[in-house]
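K.L.:
Dropping a prediction and its sequence here:
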Amino acid sequence: PQANLTTQHIEEVANLPYLGRALCIITGASRGFGRTIAQELSHVVKPGSAFVLVARSGDDLRTLQAELTDSEAGRAGLRVQYVEADLGLPEGLERVTTAAKEVATDLIDHVLLVNNAGSLGDISGFTKSFTDMAEVNSYLSLNVSSFLCLTAQILQAFPQRPGLRRSVVNISSLCALKPFSSWVLYCSGKAARDMIFRVLAEEEPDLRVLNYAPGPLDTDMQLEARSKSGDMLLRKSCNEMFSKGQLLSCEESCGKLMKLLMENTYTSGAHIDFYDI
């Protein structure tokens, strides 16, 4: 069923312009939504494009790299490099930026950064339980600080020039807009990321900036939400969505993201939800 969904969404955007000969940097690419983004982007970029896949799981990245460079799958001419890194550490960010510079060529006409990496954090307790600054700082380092710094590093590494399109995507959430009890770290991180990109859109009018909320996805993160949420009503709601088949597949949501990127008519800095499209 997932393969059919991918084919369906590729057909839906077949008449739209391709994303060009692109350098695509995708964080959190080893599994779930990030992996699906990499797979679907590989079908809508031109030969000569390059991908930098980033995650902490090297084995999963190697498997994805092999899949994306399989010429029999219709991806001839795609160069793929992976970076096994912890984005919560400065050296992790530097390795990603270095890899992006290494695989880029003068023929690249689109630089696309997809900030997908992130975590729920501790969702078992409530706001008043977070007295440990080290725990909070560790969460914000991975989910907010690295997000800002990686975006800044990539923009500096690939400055604006004639003929170059630059796009940055934040994989956002309804939690950026709405409070969820027992999810204080996650909601705060998502809200901060959205605002960072809203500011960026104001500062860089030539840059295409998008906050995309993919909707409730059937991923490991949702499994964590329905098993560990401290708020019992929220946990019940997550379980009901799962049992009633109301979760979205990564392919279904990613299809709408591809459409947004290729139509390229969204307001820069906007927060766009799966259900808005």
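P.N.:
Received the coordinates, thanks.
K.L.:
Now the top helix by length along the chain: buried residues?
P.N.:
Identified as the longest helix of the chain according to DSSP state H is helix 184-203. Of all the residues in helix 184-203, those buried under the rule 16 or more other C-beta atoms under 10 Å are 184-194, 196-198, 200-201. Bear in mind the C-beta positions are built from the backbone N, C-alpha and C, glycine included.
K.L.:
With stretch 95-111 instead?
P.N.:
In stretch 95-111, counting by 16+ other C-beta under 10 Å, buried: 95, 96, 97, 99, 100, 103, 104, 108, 109, 110, 111.
K.L.:
would TSV of those residues with pLDDT and secondary structure be doable?
P.N.:
Listed next are those as TSV, based on pLDDT from 0 to 100; DSSP: H, G, I helix; E, B strand; the rest coil:
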residue	pLDDT	secondary structure
95	97	helix
96	98	helix
97	98	helix
99	98	helix
100	98	helix
103	96	helix
104	96	coil
108	96	coil
109	96	coil
110	98	strand
111	98	strand
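K.L.:
from the residues you listed, which single one is nearest residue 122?
P.N.:
Nearest to residue 122 among the buried residues of stretch 95-111 is residue 96, at 26.2 Å by C-beta to C-beta.
K.L.:
Roughly how far does that closest one sit from residue 209?
P.N.:
Separation of residue 96 from residue 209 (C-beta to C-beta, to the nearest Å): 19 Å.
K.L.:
Equivalent analysis for residue 274, please.
P.N.:
Per C-beta to C-beta, residue 274 is found 18 Å from residue 209.
K.L.:
Which of these two has more residues huddled nearby?
P.N.:
Taking neighbours as other C-beta atoms under 10 Å, residue 274 and residue 209 compare with residue 209 leading, 25 against 19.
K.L.:
which is the next helix or strand following the host helix or strand of that one?
P.N.:
Using DSSP states H and E, residue 209 sits in strand 208-213. Using DSSP H and E, the helix or strand that follows strand 208-213 in sequence is helix 220-228.
K.L.:
what's the angle from whatever helix or strand comes next after that next one to helix 220-228?
P.N.:
Under the assignment DSSP H and E, the closest C-terminal helix or strand after helix 220-228 is helix 232-243. Here helix 232-243 points in a direction 130 degrees away from that of helix 220-228 (axes from the mean of the first three to the mean of the last three C-alpha atoms, to 10 degrees).
K.L.:
average pLDDT across the very next helix or strand once past helix 232-243?
P.N.:
With elements assigned by DSSP H and E, the helix or strand that comes after helix 232-243 is helix 250-263. The pLDDT scores in helix 250-263 average 97.
K.L.:
With only the CA atoms kept, save helix 250-263 in CSV.
P.N.:
Below are the C-alpha coordinates for helix 250-263, written out as CSV (Å, rounded to 0.1, in the frame of the first residue of the first chain):
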residue,chain,number,x,y,z
CYS,A,250,4.3,9.2,5.6
GLU,A,251,3.7,8.8,1.9
GLU,A,252,0.4,10.5,1.9
SER,A,253,1.6,13.6,3.8
CYS,A,254,4.9,13.8,1.9
GLY,A,255,2.9,13.9,-1.3
LYS,A,256,1.4,17.2,-0.2
LEU,A,257,4.8,18.6,0.8
MET,A,258,6.2,17.7,-2.7
LYS,A,259,3.2,19.6,-4.2
LEU,A,260,3.9,22.7,-2.1
LEU,A,261,7.6,22.7,-3.0
MET,A,262,7.0,22.3,-6.7
GLU,A,263,4.1,24.7,-7.1
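K.L.:
on contacts alone, who are the packing partners of the helix or strand that comes right after it?
P.N.:
Later in the chain than helix 250-263, the nearest helix or strand by DSSP H and E is strand 270-273. Identification of packing neighbours for strand 270-273 by 3 or more C-beta pairs under 8 Å, 6 or more residues apart in numbering; DSSP states H and E yields strand 208-213.
K.L.:
pull the CA atoms of the strand it packs on into PDB?
P.N.:
Extracted C-alpha coordinates of strand 208-213, given in PDB (Å, rounded to 0.1, in the frame of the first residue of the first chain):
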ATOM      1  CA  ARG A 208      11.800  30.300   0.300                       C
ATOM      2  CA  VAL A 209      10.800  29.500   3.800                       C
ATOM      3  CA  LEU A 210       8.200  26.900   4.800                       C
ATOM      4  CA  ASN A 211       6.900  25.500   8.100                       C
ATOM      5  CA  TYR A 212       5.000  22.300   7.100                       C
ATOM      6  CA  ALA A 213       3.000  20.400   9.700                       C
END
